[in-house]
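Engineer: 3D, please:
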Amino acid sequence: MEPFKEYFVRNQGALTLEQQQTLDNSHVAVVGCGGLGGYVIEQLVRIGIGRMDVFDPDVFTASNCNRQLNALTATLGCNKAEIAAHRARCIHPFARVTAWAVDFRDVPQETWPAVDAVVDCLDSIEARRDLARLCGEHKQPLIHGAVNAWCGQVGVQRPGDDLLARLYPDRAPRLSSPSPPSVLVCTVVVVAGLQVSETIKVLLGEPSSLRNNWMHIDLKHGDFATMG
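Structural biologist: Below you'll find the model as predicted:
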């Protein structure tokens, strides 16, 4: 068996060989490499996405270790994008991952990568709005995810859609909190998995009930509800 097929043989049945090759030829950007981003990158590499650009200006701290895949004693103080890219390259030889240790908003428009899909793993409403606008300008599908304690949400915004504008309208009040929000690793893993499945469907041209729509996840009460 040739090396490429050997690495992804257990995908066969769920994916055809032609679909596996499509994923290998796909290019995805993951914006945010912490909680959601770490697990999203991991799963995209393992399912066979051939090329990724990953963005995060932040470094790991001890408070990340409760939920972030790449937050280890050995990686504290290290840039999240660079660590995620290094791990991805260690998984198999077909992962071509470029780390951007910067805020995605600092990347000049002309050097923004020409990707097939963008995965939103951010933790700021303002940053999500900016990413949605950027994807709209470049006509790139955006797979949104967010987490809070036991709950999360996932949705897909294709070019011309307005999902993020409805989820985070500019008129919404900006609430400040004296402490960072609670985030549980179980919620992060579930939302990241759903983001990856939606990304795969976008890349393969498969239909989704989350197109310009979103799913609310409540793990405490076992509730998965499509909102539209």
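Engineer: CA only for contacts and neighbour counts going forward, please
Structural biologist: OK.
Engineer: can I get whichever helix in the chain runs longest as PDB, trimmed to CA atoms?
Structural biologist: Secondary structure of the chain read by DSSP state H shows that its longest helix is helix 185-204. C-alpha atoms of helix 185-204 as PDB (Å, rounded to 0.1, in the frame of the first residue of the first chain):
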ATOM      1  CA  VAL A 185     -12.500  20.800  27.900                       C
ATOM      2  CA  CYS A 186     -15.500  18.600  27.100                       C
ATOM      3  CA  THR A 187     -17.300  21.500  25.500                       C
ATOM      4  CA  VAL A 188     -14.200  22.500  23.500                       C
ATOM      5  CA  VAL A 189     -13.700  19.100  22.100                       C
ATOM      6  CA  VAL A 190     -17.300  18.700  21.000                       C
ATOM      7  CA  VAL A 191     -17.500  22.100  19.300                       C
ATOM      8  CA  ALA A 192     -14.100  21.600  17.600                       C
ATOM      9  CA  GLY A 193     -15.300  18.200  16.300                       C
ATOM     10  CA  LEU A 194     -18.500  19.800  14.900                       C
ATOM     11  CA  GLN A 195     -16.400  22.600  13.300                       C
ATOM     12  CA  VAL A 196     -14.200  20.000  11.600                       C
ATOM     13  CA  SER A 197     -17.200  18.000  10.300                       C
ATOM     14  CA  GLU A 198     -18.700  21.200   8.800                       C
ATOM     15  CA  THR A 199     -15.300  22.200   7.300                       C
ATOM     16  CA  ILE A 200     -15.100  18.800   5.600                       C
ATOM     17  CA  LYS A 201     -18.600  19.200   4.200                       C
ATOM     18  CA  VAL A 202     -17.700  22.600   2.800                       C
ATOM     19  CA  LEU A 203     -14.600  21.300   1.200                       C
ATOM     20  CA  LEU A 204     -16.400  18.300  -0.300                       C
END
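Engineer: also compute the angle for the following helix or strand past that helix relative to helix 185-204, please.
Structural biologist: Later in the chain than helix 185-204, the nearest helix or strand by DSSP states H and E is strand 214-218. Strand 214-218 and helix 185-204 meet at an angle of 160 degrees, taking axes from the mean of the first three to the mean of the last three CA atoms, to 10 degrees as the criterion.
Engineer: at the geometric centre of the chain, which residue sits there?
Structural biologist: Geometric centre of the chain, nearest residue: residue 119, 3.7 Å, by CA atoms, centre = their mean.
Engineer: beta partners of that one?
Structural biologist: On the basis of DSSP bridges, residue 119 is bridged to residue 30, residue 143.
Engineer: so who does it touch?
Structural biologist: Residues in contact with residue 119 (CA atoms under 8 Å, 6 or more residues apart in numbering) are 28, 29, 30, 31, 142, 143, 144, 145, 195, 199.
Engineer: check contacts around the fourth one.
Structural biologist: The contact partners of residue 31, taken as CA under 8 Å, 6+ apart, are 37, 54, 55, 56, 104, 118, 119, 120, 121, 122.
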